[in-house]
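Novice: I need the structure of the sequence given here:
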Amino acid sequence: MGSSLRSSHPQRGLRRQFLVCGLMIVAGFSACSDDGPPTEPDPTPTLEQRLQTILDEAVRTDSLTGAMLTVVQPGTVDWSGASGLSRRPDVALRPEESFRCGSVTKYLAAVIALQLVEEEDLSLDQTLDGLLRASLVDSLPAGETITIRMLLNHTSGLADYAENPALGQGILADPERKWTPEELIGLALALEPAGTPGQRWSYASTNYVLLELVLEAVSGKPFDRLLAERIIVPLGLTHTRLPSNSAIDGAHGYQDVEGDEALEDMTFLDPSYLRAAGGVVSTTRELTLVSRALWRYELLSSSSVQAMQQTVPTEQPFATYGLGLTVLFGSYYGHAGIVPGYTSGLFYWPEEDVTVALAINQGGRESAGLALLLRVMSLFVTADVQPTSSSDVPGPGWSFGSGSQVAFPLR
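Specialist: Got it, this is the predicted structure:
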């Protein structure tokens with residue numbers, strides 16, 4: 001990493017202590033969490049073996065359908081693994097399988113937006129007025145004052161369309177329905193606004209549906225083509241796409257829809273309700289390629305990457321939010337994703353040059369995803385530190401806005 005990023009972290013030692021403490025609390029390092037008898041560990045396990053053990057333990061102790069993981073630290077490790085099932089009841093999960101990334105899509109959409117800013121086709125402080133049709137802008141609360149920056153960092157004040165029960169009802173009534181951006185925005189407008197533009201952070205996938213319309217208006221190209229031309233093709237990705245239907249050649253995703261702990265296959269849902277807010281399909285391997293390209297300034301200039309890191313406070317004390325970028329514990333840069341059937345995350349730790357992409361093919365498992373991330377990152381802590389404080393560490397019930405978390409009504 002360049003010195004500009006490293007210089008922004010003057011208290012690394014304290015952060016390491018805080019992160020290790022968070023790891024112990026969130027990941028639950030205790031014998032009572034293990035269902036089986038203790039096993040004798042390998043006296044000299046390799047780093048790859050330790051990663052696989054962490055993955056296997058996460059699937060077992062958190063009762064996950066399956067999980068995939070890619071970890072890259074140049075010169076040390078470049079590893080992908082999987083544990084659990086791709087399809088219930090008996091199809092094993094493979095590390096290279098595709099999955100729905102959820103709001104990691106926002107990370108990619110933000111990169112495209114900033115590329116257009118670099119090309120002077122767009123400005124972060126440009127308002128929607130003049131970019132989108134007047135009737136749409138006028139329908140938004142104080143729509144004429146909403147800027148591109150506010151869409152990117154979720155300070156527009158717009159409600160989240162995913163919180164409207166009508167979305168879940170519509171999806172369950174017709175899983176193959178094709179949702180339009182206007183319909184999704186309409187669902188948001190039927191809810192009370194989260195605030196006035198620029199007032200505070202409030203996560204809303206509505207922002208990225210509007211951003212998709214802006215990017216298409218400015219470029220004259222559909223979002224899937226922008227994604228292909230600006231990220232997929234330049235990086236040589238072969239399993240990353242914005243699908244137009246529910247077909248997925250990869251891991252099936254499962255969710256407890258009824259609230260009775262019975263898991264249902266959610267793979268059949270048409271992804272049109274996700275769009276640029278959460279619709280991308282990829283693999284953990286290819287997501288790490290995107291992240292590493294970004295932090296090497298291959299997708300954006302260093303100044304644009306620095307702009308992504310200009311964060312605002314969120315509702316969680318351990319997280320801030322930039323331009324399509326979540327910063328966890330002041331140290332991990334990336335995004336999480338939650339969509340029906342899938343939980344995912346893509347994060348980069350500049351201090352140790354570690355990239356982690358994870359995917360759980362089960363929806364609503366944010367706590368398990370965070371615990372897995374922290375346990376992996378703990379392998380790369382080089383200082384001999386002891387935990388000092390447990391304040392502001394998320395517990396097992398934490399919830400951070402990370403995707404179109406559709407609230408399905410009980411049927």
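
Novice: Show me the shaky parts of the stretch 301-411 of the chain.
Specialist: Within the stretch 301-411 of the chain, the stretches with pLDDT under 70 are 382-405, 407-411.

Novice: what do you get if the cut-off is 80, keeping everything else the same?
Specialist: Residue ranges of the stretch 301-411 of the chain with pLDDT under 80: 382-411.

Novice: Helices along that one, start to end?
Specialist: In the stretch 301-411 of the chain, the helices defined using DSSP state H, counting those that start in this stretch lie at 302-308, 366-378.

Novice: Need the winner for burial among these.
Specialist: Comparing the helices of the stretch 301-411 of the chain by mean neighbour count (mean count of other C-beta atoms under 10 Å), helix 366-378 comes out on top with a mean of 23. In this view, the C-beta of every residue, glycine as well, is placed from N, C-alpha and C.

Novice: Report all helices and strands that that helix contacts.
Specialist: Counting contacts by 3 or more C-beta pairs under 8 Å, 6 or more residues apart in numbering; DSSP states H and E, helix 366-378 packs against helix 12-27, helix 47-61, strand 66-73, strand 332-339, strand 342-349, strand 354-360.

Novice: mind checking which of those is nearest Leu187?
Specialist: When the helices and strands packed on helix 366-378 are compared by C-beta to C-beta, strand 332-339 sits nearest Leu187, at 16.1 Å.

Novice: Can you read off the pLDDT for His9?
Specialist: Note on His9: pLDDT of 41.

Novice: same question, the one 3 residues further on
Specialist: pLDDT recorded at Arg12 is 46.

Novice: closest to Thr147 out of the helices of the stretch 301-411 of the chain?
Specialist: Nearest of these to Thr147, taken as C-beta to C-beta: helix 302-308 at 13.3 Å.

Novice: Kindly spell out which helices and strands sit in contact with that closest one.
Specialist: Taking 3+ C-beta pairs under 8 Å, 6+ apart as the contact definition, the neighbouring helices and strands of helix 302-308 are helix 3-6, helix 104-118.

Novice: now the helix or strand following the longest one: mean pLDDT?
Specialist: To tie it back to what came earlier, the one meant is helix 104-118. Note on helix 104-118: by DSSP states H and E, the next helix or strand toward the C-terminus is helix 134-139. Predicted confidence along helix 134-139 averages 97 (mean pLDDT).

Novice: Torsion angles phi and psi at Gly250?
Specialist: Here is the backbone geometry of Gly250 (degrees, to the nearest 10): phi -180, psi -150.

Novice: So which of the helices and strands packed on helix 366-378 is nearest Trp295?
Specialist: For the helices and strands packed on helix 366-378, the distance to Trp295 is smallest for strand 342-349, at 5.6 Å, taking C-beta to C-beta.

Novice: okay, the closest one in PDB with CA atoms only?
Specialist: Listed next in PDB are the C-alpha coordinates belonging to strand 342-349 (Å, rounded to 0.1, in the frame of the first residue of the first chain):
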ATOM      1  CA  TYR A 342     -26.700 -15.600   1.200                       C
ATOM      2  CA  THR A 343     -24.400 -13.800   3.500                       C
ATOM      3  CA  SER A 344     -21.100 -12.500   2.200                       C
ATOM      4  CA  GLY A 345     -18.200 -10.100   2.900                       C
ATOM      5  CA  LEU A 346     -15.200  -8.700   1.100                       C
ATOM      6  CA  PHE A 347     -12.600  -6.900   3.300                       C
ATOM      7  CA  TYR A 348      -9.000  -5.600   3.000                       C
ATOM      8  CA  TRP A 349      -6.600  -5.100   5.900                       C
END
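
Novice: Reformat the helices of the stretch 301-411 of the chain as TSV; add distance to Leu152.
Specialist: Shown next, in TSV, are those (distance: least, C-beta to C-beta, whole Å):
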stretch	distance to Leu152
helix 302-308	8
helix 366-378	22
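
Novice: closest to Arg177 out of the ones you listed?
Specialist: Judged by C-beta to C-beta, the one of these that comes nearest to Arg177 is helix 366-378, at 26.4 Å.

Novice: Contacts for the top strand by length along the chain next, please.
Specialist: Secondary structure of the chain read by DSSP state E shows that its longest strand is strand 77-87. With C-beta atoms under 8 Å, 6 or more residues apart in numbering as the test, strand 77-87 has contacts from 47-48, 51-52, 55-56, 58-59, 64-72, 91-97, 250-252, 284-285, 361.

Novice: separation between the closest residue to Asp121 other than its chain neighbours and Ser156?
Specialist: When the adjacent residues along the chain are set aside, Asp121 lies closest to Val218, with 5.1 Å between them (C-beta to C-beta, 6 or more residues apart in numbering). To Ser156, Val218 is 18 Å away according to C-beta to C-beta, to the nearest Å.

Novice: higher neighbour count, these two?
Specialist: Neighbours were counted for Val218 and for Ser156 using other C-beta atoms under 10 Å; Ser156 has more, 33 against 18.

Novice: Contact partners for that one?
Specialist: Neighbour list for Ser156: 146, 150, 197, 204, 206-207, 210 [criterion: C-beta under 8 Å, 6+ apart].

Novice: Turn the residues you listed into TSV, including pLDDT.
Specialist: TSV is the format used below for these (pLDDT from 0 to 100):
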residue	pLDDT
Ile146	98
Met150	98
Pro197	97
Ala204	97
Thr206	98
Asn207	98
Leu210	98
